[in-house]
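Visitor: With the sequence up front, the predicted model follows.
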Amino acid sequence: MFTQRHLQEHAERRVRAARANASPEPDRTAVTVVLRRFAPTTFAQSAVAYALDLPDTLGEPWLRAYTRTVFLSGNPDNLRTRFAFHHVSADGAMAWTLPENTGETPPLRRLLRLFPTAALPPLPAHIEIPPRAAALATPTARLDVVTTRVSLADYLVHVHHALAEAVLTGLIGTHTAVVLRHLPRLDPAEGPYATLRAVPDRDAPADRLRACAGVAVGGIPEPLGAAHGGSEGAPISTTPMKAHAAHDDGRSRAR
């Protein structure tokens, strides 16, 4: 188990990185993702593809804003004539806007509801994200994600944040082969982790952090057995619900 001091150091290091060379005014740069349904493999692969395609001029301010992302429920096919998407998943079920900081609520967010929360559906034990381009020596990375005491809304934020930041900081590149593993908890013995996503533990006393995702580079373990479900996982459609919605609110969570 990670010590609270170790998690706090990771969170503070992320805050310092975000504030370096930043304006004293808070940066509200955010990305909007529209989902018709959730499928874990498509989501993870598309998150990496989206971040790889971002120009530095847009990726850097988004990184300073803690890769803030808002997940909305909708059908991208019905929105393409009115809104510009920078990336659309291969199945057309998920679409990403470019990072924007207009100071106002974008029209897309006024039109659609936040993606509903739900219990985490069955997930594959691991997801493979192949490199975009071949190389003689293929670098490797691994994303470990916690699946206990995590809702679907939490999962979207944890995975998207960890993958996007790994791309924007150079841990994952076009030649990198990535394996995402779903685990009940993160174990320091599985590291070292180059980055950790540490968030407040809702089930513990105030100020305690919990490690929910970690990126390790330089090695990929053998694929695990099917411990948490099938190969792609059960797709989740966007049936409206009231409760906690999928919305990464930036600095309100420790990184």
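Guide: Right, received. Where do you want to start? Numbers count the residues shown, from 1 in each chain.

Visitor: Report the separation between residue 29 and residue 57.
Guide: Per Cβ to Cβ, to the nearest Å, residue 29 is found 12 Å from residue 57. From N, CA and C alone the C-beta is placed, and that goes for glycine too.

Visitor: so where's the protein shaky on pLDDT?
Guide: Applying pLDDT under 70 to the chain flags residues 15-27, 219-255.

Visitor: re the thing from before, which of residue 29 and residue 57 has more neighbours?
Guide: residue 29 (21 against 8; other Cβ atoms under 10 Å).

Visitor: Verify the stated contact: that one with residue 62.
Guide: Yes - contact criterion Cβ atoms under 8 Å: residue 29 and residue 62 qualify, at 5.1 Å.

Visitor: shared neighbours, the two?
Guide: Listed as contacting both residue 29 and residue 62 by Cβ atoms under 8 Å, 6 or more residues apart in numbering are 68, 99.

Visitor: tell me which residues in stretch 78-89 are buried?
Guide: 79, 83, 85, 87-89 (16 or more other Cβ atoms under 10 Å).

Visitor: how about JSON lines for those, with secondary structure and distance to residue 175 added?
Guide: JSON lines is the format used below for the buried residues of stretch 78-89 (DSSP: H, G, I helix; E, B strand; the rest coil; distance: Cβ to Cβ, whole Å):
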{"residue": "79", "secondary structure": "coil", "distance to residue 175": "33"}
{"residue": "83", "secondary structure": "coil", "distance to residue 175": "32"}
{"residue": "85", "secondary structure": "coil", "distance to residue 175": "26"}
{"residue": "87", "secondary structure": "strand", "distance to residue 175": "19"}
{"residue": "88", "secondary structure": "strand", "distance to residue 175": "24"}
{"residue": "89", "secondary structure": "coil", "distance to residue 175": "22"}
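
Visitor: quick one: which two of those are the most distant?
Guide: 83 and 89 (15.5 Å; Cβ to Cβ).

Visitor: all helices for the stretch 51-200 of the chain, in order.
Guide: Counting by DSSP state H, counting those that start in this stretch, the stretch 51-200 of the chain has helices at residues 56-64, 107-111, 152-168.

Visitor: so of the ones you listed, which one's packed in deepest?
Guide: helix 152-168 (a mean of 24; mean count of other Cβ atoms under 10 Å).
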